[in-house]
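Novice: sequence and predicted structure, then a few things I'm wondering about:
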Amino acid sequence: MKCKIQMVLLFFLLGFLFIHGSTNKAVLITTQVGHRIPFPTSDPFDKIPLLGIGFEIDLTNNIGVGGTFIFHQWSDYLRQFGGKYTFREYKPSLDFYYHFNLSQTKAMDLFSGISFGYHFISVENELGNKYDGELENQCSISPFMGIHLYPFSNQSSFFKNLSATFRIHWTVLGDFSGLTLSAGISFKIK
C-alpha cells in the first residue's frame, strides 16, 4: 500500500510542476498506443490496446524526468465456466530519460531510460463471480528505449516540434513482465 501511495504522489507532483510552469525547461507531451507481448492472461479477447499519455521535463540536454499514465482493458474466460472476466489496468509511472543526441540534424532523438510504475488492476465478472486468479496490484520496473522522429524539423512553424515516437519497454518484475511496443505523437513545448 505504501508503494501505491508513493507512486501516485510522485506522478501528481510532477504533473503539478508541469501545470504551474515552475520550470523553464523544455517539456515533451506524448500520447501513445501500445501492445503487450505476452499477454497477462492466456486467451484474451475484446482487447483495447494500451492507451497512454505522458510528459517529460528536460533537466539537461541529455537527462529528463517525467510521468506516464497508461490504461489497458481486455476480457478472458480464464478457461472456466464462470462467465466473462473483464480486466482493467491503470498504471502511473515515474520515468527517467537519457537522450543520446546523436543526430546533427535534430530530425531524430534516440533515448533510453527506466520507468518505475505501479499496476492497479480491476476485475469484473458478468455473472458476479469472484476473481481468484494471480493478477494483482503490484510495482513494476521497466527499462525502455525509443526514438523521436521530427519530420518537420527544418520548418519554422508549429510542426517543427511535432514528432512520431516509437518505444519498446521490457517490464522485468511481476505478472506484467514482458515486452510492450508503443507508437505515438509527441509535441515539445519550450
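Specialist: That came through, no problem.
Novice: tell me which element residue 68 is part of?
Specialist: Using DSSP states H and E, residue 68 sits in strand 63-76.
Novice: next one: residue 132 from residue 43, what distance?
Specialist: Applying C-beta to C-beta, to the nearest Å, the value for residue 132 to residue 43 is 17 Å. To be clear about C-beta, it is placed using only N, CA and C from the backbone, and glycine gets the same treatment.
Novice: over to residue 56?
Specialist: 36 Å.
Novice: who's more crowded, those two?
Specialist: For residue 56 versus residue 43, the count of surrounding residues by other C-beta atoms under 10 Å is larger for residue 56: 26 against 10.
Novice: residue contacts, the more buried one?
Specialist: With contact taken as C-beta atoms under 8 Å, 6 or more residues apart in numbering, residue 56 is in contact with 27-28, 30, 64-66, 95, 97.
Novice: not counting its neighbours along the chain, what's nearest residue 116?
Specialist: Distances taken as C-beta to C-beta, 6 or more residues apart in numbering place residue 94 nearest to residue 116, at 4.9 Å, with adjacent residues excluded.
Novice: so what pairs up with that neighbour in the strands?
Specialist: residue 67, residue 116 (DSSP bridges).
Novice: that one: neighbour count?
Specialist: Neighbours around residue 94, by other C-beta under 10 Å: 19.
Novice: OK, contacts around residue 148?
Specialist: 28, 108-109, 111, 163-165, 186.
Novice: and it, how far from residue 66?
Specialist: Distance of residue 148 to residue 66, computed by C-beta to C-beta: 13 Å.
Novice: please apply the same query to residue 52.
Specialist: Per C-beta to C-beta, residue 52 is found 12 Å from residue 66.
Novice: got it, and residue 55?
Specialist: Distance check for residue 55 against residue 66: by C-beta to C-beta, it reads 5 Å.
Novice: quickly list what's touching both of residue 148 and residue 66.
Specialist: What both residue 148 and residue 66 touch, as defined by C-beta under 8 Å, 6+ apart, is the set residue 28.
Novice: any chance of JSON lines for the contacts of residue 148, columns distance to residue 35?
Specialist: Below are the contacts of residue 148 laid out as JSON lines (distance: C-beta to C-beta, whole Å):
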{"residue": "28", "distance to residue 35": "22"}
{"residue": "108", "distance to residue 35": "23"}
{"residue": "109", "distance to residue 35": "23"}
{"residue": "111", "distance to residue 35": "20"}
{"residue": "163", "distance to residue 35": "20"}
{"residue": "164", "distance to residue 35": "17"}
{"residue": "165", "distance to residue 35": "15"}
{"residue": "186", "distance to residue 35": "19"}
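Novice: from those, pick the one nearest residue 142.
Specialist: Relative to residue 142, the closest of these is residue 111; by C-beta to C-beta it sits at 14.0 Å.
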